[in-house]
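In: Give me a model of this one.
(chains A and B)
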There are 2 protein chains.
Amino acid sequence: MTTHNAHTPASVAESTTESTEQSTDGAQRAIGWHKGYVQGSRPDLRVPVRRVHLTNGKDVTLYDTSGPYTDPAVETDVRRGLAPLRENWITGRGDTEVYAGRPARPEDDGLKHTAPRGETRRGGATDLRGLDAVFPGRPRQPRRGRSGRAVTQLAYARRGEITPEMEYAAIRENVPPETVREEIAAGRAVLPANVNHPEIEPMVIGKRFLVKVNANIGNSAVTSSIEEEVEKMTWATRWGADTVMDLSTGRNIHTTREWVLRNSPVPIGTVPLYQALEKVDGKAEELTWDVYKDTVIEQAEQGVDYMTVHAGVLLRYVPLTARRKTGIVSRGGSIMAAWCLAHHKESFLYEHFEELCEILAAYDVTYSLGDGLRPGSIADANDEAQFAELRTLGELNSTAKRMGVQTMIEGPGHVPMHKIKENIDLQQEICEEAPFYTLGPLTTDVAPAYDHITSGIGAAMIAWWGTAMLCYVTPKEHLGLPDRDDVKTGVITYKIAAHAADLAKGHPGAQEWDDALSDARFEFRWEDQFNLALDPDTAREFHDETLPAEPAKTAHFCSMCGPKFCSMKISQDIRRRHGDAMGTNAGAEGGGTETGEAEIEAGMAEKAREFAAAGHRVYLPLAD
Amino acid sequence: MTTHNAHTPASVAESTTESTEQSTDGAQRAIGWHKGYVQGSRPDLRVPVRRVHLTNGKDVTLYDTSGPYTDPAVETDVRRGLAPLRENWITGRGDTEVYAGRPARPEDDGLKHTAPRGETRRGGATDLRGLDAVFPGRPRQPRRGRSGRAVTQLAYARRGEITPEMEYAAIRENVPPETVREEIAAGRAVLPANVNHPEIEPMVIGKRFLVKVNANIGNSAVTSSIEEEVEKMTWATRWGADTVMDLSTGRNIHTTREWVLRNSPVPIGTVPLYQALEKVDGKAEELTWDVYKDTVIEQAEQGVDYMTVHAGVLLRYVPLTARRKTGIVSRGGSIMAAWCLAHHKESFLYEHFEELCEILAAYDVTYSLGDGLRPGSIADANDEAQFAELRTLGELNSTAKRMGVQTMIEGPGHVPMHKIKENIDLQQEICEEAPFYTLGPLTTDVAPAYDHITSGIGAAMIAWWGTAMLCYVTPKEHLGLPDRDDVKTGVITYKIAAHAADLAKGHPGAQEWDDALSDARFEFRWEDQFNLALDPDTAREFHDETLPAEPAKTAHFCSMCGPKFCSMKISQDIRRRHGDAMGTNAGAEGGGTETGEAEIEAGMAEKAREFAAAGHRVYLPLAD
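Out: Next up is the predicted model:
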């Protein structure tokens, strides 16, 4: 009956097939969930959803980020990549052109500047011919706006056009398409969708929409297989990541990104500065605008949907960090600060910002203006360095908007609870309500190994107050490299923060999910509780640890309190026996109370005996 | 070097002994921590602290809840119990008397009403003679206030007396003793300390003090050993639980509680209603005031420090729950509601509340006025049933105060973020700023298996706004029985919430802990980071997963970003090279930067090679 245990795209699809219709004994067995589609205004606009089938015959429809991998009707093959869902929409607009593109070079994959692509092998196991072999049917034919036109969703929105991408995102959000257009046009939302990434299922990021979650992945220090790389991304989206940042450094960075992009149903973000630094052998002071620009074009041609650009780290701000407890903790920020100091010149990112805008506009790459001077400790929160940079980001935001480029603003970091609101309020004011995209914030420094929690607290709060997207933090933050479990824990924690914020903001429809789960809980529909949970696998596993037997799935109590102390059972009894006195016909309402009283009592007694006989160690939970 | 790995009291003490002084090579090795004491105004008033020794020669002093178990100089024996620290203070006041006490009866341990204590065995493996055998040197000689006097900390505080208990708590909080007295006298704080529980290390609960955390334990469904029961409690306090509630039900409930009390350094809370229900074979309608009163006296004589009493569930409020999504989810609340409806009479707890106050005042048992109608789902938050009960709790709070009984008020539950503040504001207003003691609140219903996180978010927020103590929630909430790992996860999560709130409230000294850890982080003092962490074991373990080698403990980077991308390393380089230009002598500040540059570079290169050679799977974390 496990419908969510799948750990690879293939097996997800498989188990979904199995579970589509499995109910043989009516209401007592869960029938799981399946991938459904909502039809849009044109035949090729079908928006995926997760439909959870409840044992009471109802369906609950949930937002779905998992891509075609969970659709049993779609055959996926990482070596072919996903179908280019948006291709006709992009070409149909007639404002882009295909061109030869920048030739791939060995140094794109972190190799030395020696031989042309495909002719040689250097640096160990790397084989540059790999890329062509992987996607034989899809040679690189990058696309860009004709004669420098801004082919961005922002430009279309301003012209009053509702693109298929906007309609698609609107259906996911359950709002009118015009709302999506309006928010994008006003710069209050972004729809990251590079014209070279036709595979994505469009989504929108803005405070009037569902709070989104980003998960970071990155390539291995040693060569890893194509399947591994893609699996990291699908694993994160499987649990609800709305976008993924590929923060790879080192070898095979170009090839890895190609694999991720061609197989990703969600927008992909990067920090081009990392790859640029690789191209100058890791020496920050040797970075140049030309190397950086070359890297941005390389990545834009591949299809990167948004790029973190640390253009707000100015020479004059660096001394403001001197008295800080933890200096500069952003990698990009520290690289740019080192460059500025080494040359005693203003940042080349700042100096060439308009040129950068022109490039991004030609591919519809969205800016994520990085907060290179974000605080890395409670002590440094909301200091002059941080807010000085924010004011510069405000200026850059205006420039980007003027040039038609979609823009988000990145935010901290480490911030104690009482200083969080100032961050979002200032950002919204200074950056004209551009979407805020925050890392946490972490609300204390004292819990390494639990920073998904220290930051989940801050993330929920700042999202309630208006942050549009949250960058997840895993338990390994500050300590090491997240593994598969850490990525899942990070995503789930942040989905909790995001949904808690959706509830607090009163997002239409958000509470239906909570209500459906609480109804199932009160009516002892255990399978429905599991299937509706953010993480059905773990919920089911925890329940089964103490009450593993199949009859327990319909028991009117759980192992927490046992049958005698189950408040929900007593509550139901009260309603059944005293329904009239309570001015309600509640006795007839309880989904699980049709059985006769004597029968229930007998069943209870049996469960109680089973439970005692099982002899598990018992730590009683809950208050009273 | 592991100083925190101990899983039992004995081994904690052992490893502490080992680690007290172990540094042989100066600043490169952590020297761990040791149990210290702060001397009060009298020789027998010594307040335990955890002193963390940093490799830079400084000490950081942290609040310590772990009791004598972590003091290598103290020999503990669960069969003898802890030393009665407060005995001389209690007898010295001369206002209590020893008396014969209520005779123990078989039904106290959930056995049938047949034979006198100690003469027979019934109900399986239970042996009532066990209790006497366990504490042979400490026969039950309960103590109570002479001729009905209120021997409560509230009564003393009102008379202007600063008791040793108040001074003890004040030293822990780093505030003047007079502050503790004032807050207790005003009813804004409680110091739970039954005269029959002389073993506790006194602590204070109130919004002007550090936010406290309660952990729940309970006996096993099957017989378990004395060591197991005590170990559950010490395990929770080991990780920072400030109080423990024993929510045992079923067999051996009296004996289990005796073991827990005699070995507990923290105040113990209970819900007497559970045991009373056992005495009437689980039939709520057969409960009587006499059975309940007998149970309260039984537990007060044993030394229970605070009791949850659901006296606010009135007959007329029960119908208010009829239209709720999840009815009544408090066990105590549902039992009392069932009783009220069955008899169509007002709650015997409410009707006899003044008599109950007299009993509690005679032992200094603190009220925890239960919120029997708290919401069990987002949909039911802040509804009429909940707030009607709160108003009654306000009335009962006034009565209790008038009769000299210390009182806390329990709070929800399931509450979305935007409705949390109303809860604390109303409670503070209606209950005259009596300490609020909340369960969570859970900010969404959709994440069973992660309710420590859904509730940790709400807990941090409500504590910031004034909640004095948080009742933890474990990952097993709603699903099953927490095991050892769940208890630890619950406590750590709630310590994070509590400390985040202490920071946000600006509690004096709270940020020093964060600052010490952040300094260690910036200066790459890995061992200091581990030793200062809320959970040193897991922090160390996570670090070692990717960089296990001992030299990595002094490396100027970690596996997250590798040497080339370490922002803190670059930050330090910037300070060292450009200190003058930045208007700071920061180059000399970095604790780990004394080595020559060339040497560092060489070391880095070596670490980089080691790292690549290790070949771990790498998911890159963090944003940029």
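
In: and the closest residue to A:P435 other than its chain neighbours, how many residues sit next to it?
Out: Counting by C-beta to C-beta, 6 or more residues apart in numbering or on different chains, A:P435 lies nearest to A:A468, which is 3.7 Å off, once chain neighbours are set aside. In short, each C-beta sits where N, CA and C put it, glycine included. For A:A468, the number of neighbouring residues by other C-beta atoms under 10 Å in any protein chain shown comes to 26.

In: Next one: A:R188 from chain B, what distance?
Out: A:R188 sits 21 Å away from chain B, going by C-beta to the nearest C-beta, to the nearest Å.

In: how about that residue, what does it touch?
Out: A:206-208, A:433-435 (C-beta atoms under 8 Å, 6 or more residues apart in numbering or on different chains).

In: quick one: low-confidence ranges for the stretch 451-600 of chain A?
Out: A:548-552, A:554-565, A:578-600 (pLDDT under 70).

In: Let me see the ranges of the strands in it.
Out: A:469-471 (DSSP state E, counting those that start in this stretch).

In: residue ranges for the helices of it, please.
Out: Counting by DSSP state H, counting those that start in this stretch, the stretch 451-600 of chain A has helices at residues A:451-464, A:484-504, A:510-522, A:526-532, A:536-546, A:567-578, A:597-614.

In: need the ones you listed in CSV with mean neighbour count and distance to chain B, can you?
Out: CSV is the format used below for those (neighbours: other C-beta atoms under 10 Å in any protein chain shown; distance: least, C-beta to the nearest C-beta, whole Å):
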stretch, mean neighbour count, distance to chain B
helix A:451-464, 30, 5
helix A:484-504, 26, 4
helix A:510-522, 23, 4
helix A:526-532, 27, 6
helix A:536-546, 21, 4
helix A:567-578, 23, 3
helix A:597-614, 14, 5
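
In: centre of the chain versus the helix or strand where A:A362 lies, how much separation?
Out: Taking DSSP states H and E as the definition, one finds A:A362 inside helix A:353-363. Its chain's C-alpha centre and that of helix A:353-363 lie 25 Å apart, by C-alpha atoms, centre = their mean, to the nearest Å.

In: And the contacts of that helix?
Out: Under C-beta under 8 Å, 6+ apart, the answer for helix A:353-363 is A:143-145, A:148-152, A:155, A:194-196, A:293, A:296-297, A:300-301, A:307, A:309, A:311, A:349, A:365-367, A:396, A:399-400, A:403-405.

In: could I get it in PDB with only the CA atoms?
Out: The C-alpha trace of helix A:353-363 is given here as PDB (Å, rounded to 0.1, in the frame of the first residue of the first chain):
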ATOM      1  CA  PHE A 353      25.500  45.900 -14.600                       C
ATOM      2  CA  GLU A 354      23.600  47.400 -17.600                       C
ATOM      3  CA  GLU A 355      25.500  45.200 -20.000                       C
ATOM      4  CA  LEU A 356      24.600  42.200 -17.900                       C
ATOM      5  CA  CYS A 357      21.000  43.200 -18.000                       C
ATOM      6  CA  GLU A 358      21.100  43.200 -21.800                       C
ATOM      7  CA  ILE A 359      22.400  39.600 -21.800                       C
ATOM      8  CA  LEU A 360      19.900  38.400 -19.200                       C
ATOM      9  CA  ALA A 361      17.000  40.100 -21.100                       C
ATOM     10  CA  ALA A 362      17.900  38.300 -24.300                       C
ATOM     11  CA  TYR A 363      17.400  34.800 -22.700                       C
END
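
In: and that helix, which residues are buried?
Out: Of the residues in helix A:353-363, A:353, A:356-357, A:359-363 count as buried by neighbour count, 16 or more other C-beta atoms under 10 Å in any protein chain shown.

In: Just want the phi and psi numbers for the residue of the stretch 1-150 of chain A found nearest chain B.
Out: Closest residue of the stretch 1-150 of chain A to chain B, C-beta to the nearest C-beta: A:L62 (9.3 Å). Dihedral pair for A:L62: phi -120, psi 150, per degrees, to the nearest 10.

In: beta partners of it?
Out: A:R50 (DSSP bridges).

In: Now do the same contact list for it.
Out: A:49-52, A:513.

In: what about 7 Å?
Out: For A:L62, the contacting residues are A:49-50, A:52, A:513, by C-beta atoms under 7 Å, 6 or more residues apart in numbering or on different chains.

In: among the residues you listed, which ones are buried?
Out: A:49-50, A:52, A:513.

In: thinking again about what came up before, generate a markdown table for the helices of the stretch 451-600 of chain A, with distance to B:P84 as supplementary columns.
Out: Converted to a markdown table, the helices of the stretch 451-600 of chain A look like this (distance: least, C-beta to C-beta, whole Å):
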| stretch | distance to B:P84 |
| --- | --- |
| helix A:451-464 | 38 |
| helix A:484-504 | 44 |
| helix A:510-522 | 45 |
| helix A:526-532 | 47 |
| helix A:536-546 | 37 |
| helix A:567-578 | 37 |
| helix A:597-614 | 36 |
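
In: that older thread, would you show me how to pick out the buried ones of the contacts of helix A:353-363 in PyMOL?
Out: Selection of buried members from the contacts of helix A:353-363 for PyMOL, criterion 16+ other C-beta under 10 Å:
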select buried, chain A and resi 143+144+145+150+151+152+155+194+195+196+293+296+297+300+301+307+309+311+349+365+366+367+396+399+400+403+404+405
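
In: Start and end of stretch A:427-444, how far apart?
Out: Chord length of stretch A:427-444, first to last residue, is 22 Å (C-alpha to C-alpha, to the nearest Å).

In: got the buried residues for it?
Out: In stretch A:427-444, counting by 16+ other C-beta under 10 Å, buried: A:427-428, A:430-444.

In: what do you get for stretch A:325-342?
Out: A:325-342.

In: ok, which of those also contact chain B?
Out: The subset of the buried residues of stretch A:325-342 within reach of chain B, by C-beta under 7 Å from any C-beta of the partner chain, is A:325-335, A:337-338, A:341.

In: A:L273: which element?
Out: Going by DSSP H and E, A:L273 is in helix A:272-279.

In: A:V49 is in contact with A:V38, correct?
Out: Yes - under the criterion of C-beta atoms under 7 Å, A:V38 makes contact with A:V49 at 6.0 Å.

In: Point me to the residue of the stretch 151-300 of chain A nearest chain B.
Out: A:G218 (2.5 Å).

In: What's the separation between that residue and A:R331?
Out: A:G218 is 12 Å from A:R331, where distance means C-beta to C-beta, to the nearest Å.

In: show me where the stretch 1-150 of chain A has strands.
Out: A:33-39, A:46-53, A:59-63, A:96-98, A:143-145.

In: okay if I get these as TSV plus distance to A:P508 and mean pLDDT?
Out: Shown next, in TSV, are the strands of the stretch 1-150 of chain A (distance: least, C-beta to C-beta, whole Å; pLDDT from 0 to 100):
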stretch	distance to A:P508	mean pLDDT
strand A:33-39	16	94
strand A:46-53	16	96
strand A:59-63	13	96
strand A:96-98	35	96
strand A:143-145	35	97
